[in-house]
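Chemist: No letters, just coordinates:
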């Protein structure tokens, strides 16, 4: 007995029911079993959307349309679809009472039928599934064409000490006579290094259950979260097929009747949740601790992720033009290079350089050189005169001169204002250029350089920004002038300003931040690693006080296990005197 | 047998361990039982803070200090403390493995001891407790001085269909011979009308368990969330004592041995969670549906809440000065009046009026009149010249005139920039002046009029803004000039602009929004209530498209069951074509 299995790695905008229907109608003619990702029928993550009546009404209506299509038009033979969707249970008042993250089965001529509901609901970091969903109560073996298939959903493959039961173990117990296939429908967010973990775990499960394993992941960018796809098929502990990352894709495999029985050994539990967040990414060198260097492979997947994240946000919010403010520094230069590399036919990119009297000639020359390298149109908009008009106006109207911080910030905010006026003129999407080090310590001006629709580098420390720039130069032509990479970082908001006047050097700042942001280390732990007490306390203080800025920050494309953004939830107001 | 019970309604900043210690040391001399709120030892809500090592270290250290104080210095006799705190369970690697929201008991000479852990963990709207905490497994009867006391924590009194067990019912079963007291240590956020619900429910439980009921609530503002206190004592279905709202307070009662047995009738479950969010606040008039009018009592508690919220945010972030931008319209005028009413000795308030060429003379006169009424210093900063410099600069540098939206937005952003430069000069906290109607439909400029440290009116619809202004004028002297209340709302960003050119009149807009934001109604449900299809669709569209603005908005003082902010989680990018 054999069966063709068609894996559909789709990219659906949240709530785009019509598109879900179309994808089903145009991709399910072939005989065999068609697999679509977790929550394919609704999109993911939904958050409160799944509680809102307009969403519920449209979703239920679409289910009706799908049922009608299956009953009247879908003529495929010996075919079935398994796909993720929401299973609503309503109370007497018609309110959603329980909602389950389910697998629906559709067979030509029949209606949608729930065959399985997700058992492990992730509820850490960016995941709030227990807030919305009710967990399923049992695992099943589902038969099709005489083959025994164990379907699970995403997190179900990651039983850990944080959950009270283990779906994999339950399958092993139920499948005494063996199963022919494990199928995991997923919507698993990308972070650097995650693919390896997924494959290792899938192999483990495949071995214990003595059956091949199919992992169907969605792809797409949803605000800050990226889904990398990379759906795969594992047989005999080998990855036999793997779909492309960050794009729609599909492949077909053939499954045969399998006569092996599950192993008598239990599947080991993983420690997947807090543990993985709690490990700072360090390189322990001889006497020093440094931020872990990204490998070339990791830099390549970072670059792919960022290009994809920019395009997905643009596509889903309807932008075809991009706008980047250049300072002559590394962050904005790298952002411009990445957007340029991401650009598609028919899209437009503009750079704008807004020098003040503190901007060096070098900054201008380097911005020009960069734009020439990339072939990007550079607009120059000096703010010297406007800045001085503002200074005069403050004396005229308030008799209060702009000095120190107020004079530094106003330049940054003036640039934010001009950038957004330009965006209003051209309809371009503004890319934020802050990096994770800056965001951590609040080294930015609220409503100034912190503006943007989406942040490209907000999950990369400054040291990683340098690494990525060098990687691009090395592998994609020499796009970013060396002098941009070599010059000392500066905000250029006052005479001869450099970052190092306010902050420790980045090779020290970044590992301190990684220690704190992993949640795992306290200031004194970090001092024990060899950093100076003064610097650690200074960084910790700056980090604590910048919460209000992060609170109003734009979405940051997520690249790490622990990032600022939706999964980072720390009160703005808090006493810190007792723990430094 | 009798016992004095001391209720301590405290206001602790999150993580202020030293202050928690001090409060214990200075308030627990008296004989009897001292009660402090839920999570008194840590503050609440903590979110990710409770996972961060610096926080955990400082907390555990403070527990040690408290133990030492109890063993060596605390000499009270016949005394005990019950208070909320976190109970950490660590794994082999020293990582927090389980965390419980617990009641600790402290008796002079002894160490802190956990006697109970919270069973019902709220996980809807602003609550994420299942993300961080592990639920307790049983209810207990705790004895002190021969009296039987049933302790519970906050949500434990609200069993509903969303939970699988009922702590109140478990107490009833365990307390066959009767108990002498129910104690609920709470950290229950304020929203309009919530006190009534708490009291009604406490009476119900008190009746079923045939025992008096003490409700100990914390007070304080934590970012957007307010805790109103209002701790109370119920005996024989009567509220015998109630603490003041929105301030630290305490009272003492005497409890006697109680010989009544629990009722044989089960406590009815409540339907507390989604249901209460899902009820739009409407008045159904003859043929029309309108937003529910706030009663005088509700307006008074709204005013108290806003004053408290402003002061709490200022105190916890270290501000003593306030800054409000006046437009001559109702929103900013009301904000100024409220801040003025909230002002304390030694604090400073400044208003700034920034007219453009589109600002009417009336706006200036009314701003002056308002500031005269309040005795607030008014700064005038005309933006006409700067605006025209910007217009010229765009032509000079980009050959692109500012027109339409870009010209409207730049005025709003210029005001935001000036406001924050002024804030940098004086160290004043900027109060945001947007209302809920504007925020809902995105009728504001990102980085322009949407700026601020905290939003005062962001949970009040425009119609409610009018009601509150009238209420203040009626009850607190005629502070806000009538003409401000009567004139047609306008952003004054172009010639003769009024809100009604872009939006339906507020008496129509607001109920449509309430229907949508309650999550309960779809556009077609709202049309069925008597609103025009065109208007409903227009509003729904505007609401959907403004998500990106709300995403970067400042914290909004929470007044309603369903508010924008932390408890409102809706994706920015989503397809909406299928459900309008």
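Modeler: Structure's in. What do you need? All values reported here derive from a predicted model rather than from experimental measurement.
Chemist: Touching stretch A:250-258 from outside, list them.
Modeler: With contacts defined as CB atoms under 8 Å, 6 or more residues apart in numbering or on different chains, stretch A:250-258 is touched by A:1-9, A:27, A:30, A:32, A:146-147, A:178-181, A:210-212, A:214, A:231, A:233, A:240-241, A:243. Where C-beta positions appear, they are placed from N, C-alpha and C, glycine not excepted.
Chemist: Chain B next: which of those residues are close?
Modeler: When CB under 8 Å from any CB of the partner chain is applied, no member of the contacts of stretch A:250-258 is adjacent to chain B.
Chemist: Select from the residues you listed every entry located in strands.
Modeler: Under the assignment DSSP state E, the contacts of stretch A:250-258 contribute A:2-9, A:32, A:147, A:181, A:214, A:233, A:240-241 to strands.
Chemist: and the next element down the chain from the lowest-mean-pLDDT helix or strand in chain A?
Modeler: For chain A, counting by mean pLDDT, DSSP states H and E, helix A:274-277 ranks last in confidence among helices and strands (a mean of 63). Counting by DSSP states H and E, the next helix or strand C-terminal to helix A:274-277 is strand A:282-284.
Chemist: Check which residues of that next one are buried.
Modeler: residue A:282 (16 or more other CB atoms under 10 Å in any protein chain shown).
Chemist: what's in contact with the helix or strand following it?
Modeler: Counting by DSSP H and E, the element after strand A:282-284 in chain order, helix or strand, is strand A:289-291. Residues outside strand A:289-291 that contact it (CB under 8 Å, 6+ apart): A:281-283, A:461, A:463-464, A:507, A:510-511, A:514, A:529-531.
Chemist: if I read this right, residue A:265 contacts residue A:210, doesn't it?
Modeler: No. Here residue A:265 does not reach residue A:210: they are 10.7 Å apart, not a contact under CB atoms under 8 Å.
Chemist: More neighbours: which of these two?
Modeler: Neighbour count, other CB atoms under 10 Å in any protein chain shown: between residue A:265 and residue A:210, residue A:210 has more, with 16 against 9.
Chemist: Look at the more buried one and report its pLDDT.
Modeler: If you check residue A:210, the pLDDT there is 96.
Chemist: hmm, back to that, what about burial for the ones in strands among the contacts of stretch A:250-258, which qualify?
Modeler: Applying 16+ other CB under 10 Å to those flags A:3, A:4, A:5, A:6, A:7, A:8, A:9, A:32, A:147, A:181, A:214, A:233 as buried.
Chemist: contacting residues around the third one?
Modeler: Yep, that's residue A:5 we're talking about. By CB under 8 Å, 6+ apart, residue A:5 lies in contact with A:32, A:33, A:34, A:35, A:181, A:214, A:252, A:253, A:254, A:255.
Chemist: Quickly find the element holding the residue of the stretch 51-200 of chain A found nearest chain B.
Modeler: Taking CB to the nearest CB as the measure, the stretch 51-200 of chain A has residue A:58 as its residue closest to chain B, at 3.4 Å. For residue A:58, the host element (DSSP H and E) is helix A:53-72.
Chemist: and the buried ones among the ones in strands among the contacts of stretch A:250-258, which two are the farthest apart?
Modeler: The span of these, defined through CB to CB, is set by A:9 and A:147 at 21.9 Å.
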